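Participant: Sequence first, then the predicted structure, then my questions.
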Amino acid sequence: MEDAKLASIPMKLSKGSGTRLENFAPYRRLIGHLIYLINTWLDITFADSKLNQYLDYATDSHFKAGLYVLRYLKQALLIPSFFPPVDLSLTAYSDSDWGACPDSHRSVSDYCYFLGQSLISWKSKKQTTMARSSVEAEYCALALATYEGLWLSYILRDSKLPLRSPIRLYRDNNFALHIAANPVFHEQITTR
């Protein structure tokens, strides 16, 4: 792909276009390389996830779209990168959706972490147990976010980038803070 033409915009992909490939190996190898590149080129994540959907039934147009992503990356390499000084402070936002799953009635915990102004970690996960109240669901979401914050602080410390300030964790439920601050209150809530 060294002599390929440059592409300036990400590709668009439609389902079922083109003729089916006889050999899927080159297409799968290309997708594997793109998955690896997602670690450093987040702007191709959507395109790669779309291309991944056609691993079972790849067509020549899907393969051309994958090559188009490589051309896009070649264009992106020509643009100089500028990295401003990084604010080494972690900020997190935590939330939960109580009883969001209609089948199991389990809550969904969500969090996202920012290092300075850059989003570095996020997760949305169905809780393993059924919460009896929105307060309990929020408390579980805060616990999940706290574990992630500790892990991120260890990663930064091991990378010789210690945090300059405590982690700020924002939530939208004050009752969850009361549970965290008062273990006796927590016992009363969870035994009902």
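Facilitator: Everything's here; your move.
Participant: and residue 119, what is it in contact with?
Facilitator: Counting by CB atoms under 8 Å, 6 or more residues apart in numbering, residue 119 touches 112-113. In short, each C-beta sits where N, CA and C put it, glycine included.
Participant: and with 7 Å instead?
Facilitator: Contact analysis of residue 119 by CB atoms under 7 Å, 6 or more residues apart in numbering lists residue 112.
Participant: beta partners for it?
Facilitator: Legend: beta-bridge partners of residue 119 under DSSP bridges are residue 114.
Participant: Residue 56 versus that one, what's the distance?
Facilitator: Distance, residue 119 to residue 56, by CB to CB, to the nearest Å: 32 Å.
Participant: same check, this time on residue 70
Facilitator: Residue 70 sits at a distance of 22 Å from residue 56 (criterion: CB to CB).
Participant: Who has more neighbours out of these two?
Facilitator: Neighbours were counted for residue 70 and for residue 56 using other CB atoms under 10 Å; residue 70 has more, 17 against 6.
Participant: Does the more buried one belong to a helix, a strand or coil?
Facilitator: Following DSSP: H, G, I helix; E, B strand; the rest coil, residue 70 is assigned to helix.
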